[in-house]
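[1] With the input below, show me the fold.
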Amino acid sequence: MKKFLLGSLMMLLPAMAGAERVKIGDLYFNLDSEALTAEVVNEFGYTVSGRVIIPASVDYEGGTYAVTRIGDYAFSTSTDVTEVEIPASVREIGRAAFNDCLLLRDVYCLATELPECASSAFFTMTLEYGTLHVPVEAYNNYASVEPWSLFHALVTLDGSKAEEKKCATPVLSIEGLELKMECATEGAECICQVACADVGTHRGGSVSLTGVYDIKVTARKASYSDSEPVMATLAILDLELRPMAREGAWLGIAPVQPSPVLVQARGGRLTVGGLREGMPVSVCDAAGRLLAEGKADGHAVTLQTGQKAGQVAVVNVGGQTVKVMMR
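    Numbering: from 1, shown residues only. As a prediction, the model looks like this:
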């Protein structure tokens, strides 16, 4: 009830600002006589149902008004709407515009330039089970921008699925104290999310920092779908990347300065980067059983663990261990 009343009050604001509210066809609009634009709005106690076609323009008292906006809570009382067609003239869709349309499963958006759309515009079930129908030339744009990209199915207006342009999966590497991210798709931007679980809630006079970070990197480009995300674990270990040897025998690593080690797990394989030539690496399971071991060839080593997604691997580098989740 509170939400409904708030929506109704919000719809009154444009009218109080001088916009004229009228019913044209099956819908209510606020008309701006200066800009000759129209906004679809909610009217207290009025509902529509079934298939709703929003016109690109409306005529009123000798004037033609372009429909450019679907207002906040515009269909807040129309719970039985099943389909809606949004014309190319609409440039903005307001908050919770269709959020109470519980049966809405098909949305036809005719715009090739994506309308600005509030994240709350559509009901959760519409996104989870609904189909978004869009022009073929704008398919990839819709596929890469929320909330449009959150629809269960995305098809072109003729019912086919356009060939998807997708960013290449980023490649990660470590250079000194910098994480490098590269994508083969020209013009793509790499977006990196870093989470550190070192310090949560803690009581006492001191806290031990392990220096372990969870990394997620995705490549993004306009009109392309986002790449598959790359997940990795970055550990800052107390290693000097210099071998200690005597008479050709490996004696370990000198614990002198912090050094980043990048661990990537995928398909039963572990790749450990940020190493020095010949540095030994071993992998055990959570019970301590040795799964694989090897030495760095260049700055990295790849080991086949045989583990499945969700299992924990313990990577040992120079006597220090890092736990990672297999993916």
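[2] Quick check: Glu175 vs Tyr65, distance?
    Remark: distance between Glu175 and Tyr65 (CB to CB, to the nearest Å) = 58 Å. Any C-beta I mention is one placed from the backbone N, CA and C, and that applies to glycine too.
[3] between those two, who's got more neighbours?
    Using other CB atoms under 10 Å as the criterion, Glu175 and Tyr65 rank with Tyr65 on top: 24 against 11.
[4] For that one, list each beta-bridge partner.
    Assessed by DSSP bridges, Tyr65 has beta-bridge partners Val58.
[5] One more: the one 5 residues further on?
    For Ile70, the beta-bridge partners under DSSP bridges are Val40, Ile93.
[6] Surely it and Val90 touch.
    Yes: Ile70 lies in contact with Val90 (CB atoms under 8 Å); the separation is 6.1 Å.
[7] okay, and the common contacts of those two?
    Shared between the contact lists of Ile70 and Val90 (criterion: CB atoms under 8 Å, 6 or more residues apart in numbering) are residues Ile54.
[8] Same drill for the two, tell me which one is more crowded.
    The residue with more neighbours, out of Ile70 and Val90, is Ile70; 26 against 22, by other CB under 10 Å.
[9] how close does the nearest residue to Asp297 once chain neighbours are set aside get to Pro260?
    Nearest non-adjacent residue to Asp297, counting by CB to CB, 6 or more residues apart in numbering: Glu277, 7.4 Å away. Glu277 sits 17 Å away from Pro260, going by CB to CB.
[10] of these two, who's got more company?
    Pro260 (20 against 11).
[11] who does the helix or strand that the more buried one is a member of touch, helix- and strand-wise?
    Taking DSSP states H and E as the definition, one finds Pro260 inside strand 258-266. For strand 258-266, the elements it packs on are strand 171-175, strand 230-238, strand 269-273, strand 312-317, strand 320-325, judged by 3 or more CB pairs under 8 Å, 6 or more residues apart in numbering; DSSP states H and E.
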